[in-house]
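Trainee: kindly generate the corresponding structure for this input.
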Amino acid sequence: MGIADLLSGGDPRSLGTVNEAIRIALSDRARLGELLECLFCADPVVRMRAADALEKVARQSPELLAPLIPRLLDDVAAIEQPSVQWHLAQMLAEVRLDAAQRRRAVAILKRNLESSDATSRARMTGSCSPSRWTR
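Mentor: Residues are numbered from 1 along each chain as shown. So this is what the prediction gives:
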């Protein structure tokens, strides 16, 4: 079963089987790319759950997302779905970024904050704490 299939269906307000997707990605690192590709699925519920799973992977093992940073800063940053933007903000706060990547991440977060509604701004603001960006 593919990770997208695992993340689809059920109540769209729930995280469904996100923990199983995390377990798969952590136990078989080759499938981390498959989880990333779920962010580009046509189903917004799959995108939200994949973003949540990737955020949790970043919290547990931020080094695993290091090879994905270019995609996070480019392709994922272009996704306009608020729930993906919230989780992207959290992912970027967990991974080690070089100076250029950090500038790009800050620009993405500012853009997302400026274009977001009040709920989205509140969710993203926690990841914008200056102490999280000094690593």
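Trainee: quick one, helices of this structure?
Mentor: Listed in chain order, the helices found in the chain under DSSP state H are 3-7, 18-27, 32-37, 44-60, 69-73, 82-94, 99-114, 118-125.
Trainee: so what secondary structure elements neighbour the first one?
Mentor: Right, the one you point to is helix 3-7. Using 3 or more Cβ pairs under 8 Å, 6 or more residues apart in numbering; DSSP states H and E as the contact definition, the elements that helix 3-7 packs against are helix 18-27, helix 32-37, helix 44-60. Quick note: C-beta positions are derived from backbone N, CA and C, even for glycine.
Trainee: out of the ones you listed, nearest to residue 105?
Mentor: Proximity to residue 105, assessed across the helices and strands packed on helix 3-7 by Cβ to Cβ, is greatest for helix 44-60 (12.7 Å).
Trainee: select, out of the helices and strands packed on helix 3-7, the one closest to residue 68.
Mentor: helix 32-37 (5.8 Å).
Trainee: looking at the helices of the chain, which one has the lowest mean pLDDT?
Mentor: Per-stretch mean pLDDT for the helices of the chain is lowest at helix 118-125 (a mean of 51).
Trainee: of all the helices and strands packed on helix 3-7, which one is nearest residue 86?
Mentor: Distances from residue 86 to each of the helices and strands packed on helix 3-7 were compared using Cβ to Cβ; the shortest belongs to helix 44-60, at 7.7 Å.
Trainee: list the contacts of that closest one.
Mentor: Contacts made with helix 44-60 from outside it, assessed by Cβ atoms under 8 Å, 6 or more residues apart in numbering, are listed as 3-4, 7-9, 12, 15-18, 21-22, 25-26, 32, 35-36, 38-41, 64-65, 79, 81, 83-84, 86-88, 90-91, 94-95.
Trainee: tell me which of the helices and strands packed on helix 3-7 sits most buried.
Mentor: Each of the helices and strands packed on helix 3-7 was assessed for mean neighbour count using mean count of other Cβ atoms under 10 Å. The highest is helix 44-60, with a mean of 22.
Trainee: now it: how far from the chain's centre is it?
Mentor: Taking Cα atoms, centre = their mean, to the nearest Å, one finds the center of helix 44-60 at 5 Å from the center of the full chain.
Trainee: no further queries at this time; thank you.
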